[in-house]
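*Asks:* sequence first, predicted model second:
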Amino acid sequence: MGYFVQGHGTIVLRPNSESAVHKVLCDLNERDDLKRGGRWGGDEIDSTSPRPEGMDHHPGKWFSWMDANYPSKCDTFQAVLEMLGFTVSVSYSLENNIHVTLSYDNKTGQEDLFLQALAPFTIRGEVSWRGEDGLMWQDTFTNGRHKLLQGKIVFS
C-alpha cells in the first residue's frame, strides 16, 4: 500500500554547488530519527536497535525506497535524487547556474526531506505535485528558502 504521486518541475541551484548539495543530501543519512523505512524484528539488526558502534549508517533504518547506505552508492547529487525515484536532467546556464529538471511518478517516499535539504543552494524553482486522489501541492524555492504551498482548483 502507499500513496501514488506525480511531480515535475525545475530547481535552479547556485553555480559550483554540486559537491555541497551532494554532501548535504548524503549527510541526511545520519538522521536516523527522520527515516520511515526499516526492518522490524527478526534476527538481524532492526529499526528499534541502536546504531551499531563504528557504523556511519544504521543498517536497520532507511529513508523510504532508499538503500540504508545510499551515500556509498551515489557519487553525485543526481544519483541520490534518482535513487529517491526522480528522473533527473541537469543543464547549465551561461551564468553557470545549475538547472535541475525533475519528474516523479511513483509512490511517495520521503522526497520532501531531500527537496527541503536543497533549499540553501537554490536560486529559484518549483516542483508541482498531484496525488492519486487529486490533492495538489507545490514545493517552491526562492533565494535559499523553501515553501510548501497547497493547491486548489477554482472553476469560474
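*Replies:* Nice, thanks for sending it over. Residues are numbered from 1 along each chain as shown.

*Asks:* strands of the chain, start to end?
*Replies:* For the chain, strands defined by DSSP state E occupy the ranges 4-13, 37-38, 61-62, 87-92, 98-107, 122-131, 136-142, 145-150.

*Asks:* can I get the fourth one in PDB, CA atoms only?
*Replies:* Listed next in PDB are the C-alpha coordinates belonging to strand 87-92 (Å, rounded to 0.1, in the frame of the first residue of the first chain):
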ATOM      1  CA  THR A  87      14.000  11.200 -13.200                       C
ATOM      2  CA  VAL A  88      16.700  13.900 -13.300                       C
ATOM      3  CA  SER A  89      18.100  16.100 -16.000                       C
ATOM      4  CA  VAL A  90      20.900  18.600 -15.300                       C
ATOM      5  CA  SER A  91      21.900  21.600 -17.500                       C
ATOM      6  CA  TYR A  92      23.900  24.800 -17.000                       C
END
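
*Asks:* which strands and helices sit next to it?
*Replies:* Judged by 3 or more C-beta pairs under 8 Å, 6 or more residues apart in numbering; DSSP states H and E, strand 87-92 is in contact with helix 77-84, strand 98-107. Just so you know, the C-beta spots here come from the backbone N, C-alpha and C atoms, and that holds for glycine as well.

*Asks:* and the last one, by the same measure?
*Replies:* Secondary structure elements in contact with strand 145-150, counted by 3+ C-beta pairs under 8 Å, 6+ apart, are helix 111-118, strand 136-142.

*Asks:* mind doing that once more with 10 Å?
*Replies:* Packing partners of strand 145-150 (3 or more C-beta pairs under 10 Å, 6 or more residues apart in numbering; DSSP states H and E): helix 111-118, strand 122-131, strand 136-142.

*Asks:* wait, which of the ones you listed is closest to H99?
*Replies:* strand 122-131 (8.7 Å; C-beta to C-beta).

*Asks:* okay, and the helix or strand of this protein with the least pLDDT?
*Replies:* Here the helix or strand of the chain ranked lowest by mean pLDDT, DSSP states H and E is strand 37-38, holding a mean of 66.

*Asks:* rewinding a little: out of the helices and strands packed on strand 87-92, deepest packed?
*Replies:* helix 77-84 (a mean of 21; mean count of other C-beta atoms under 10 Å).
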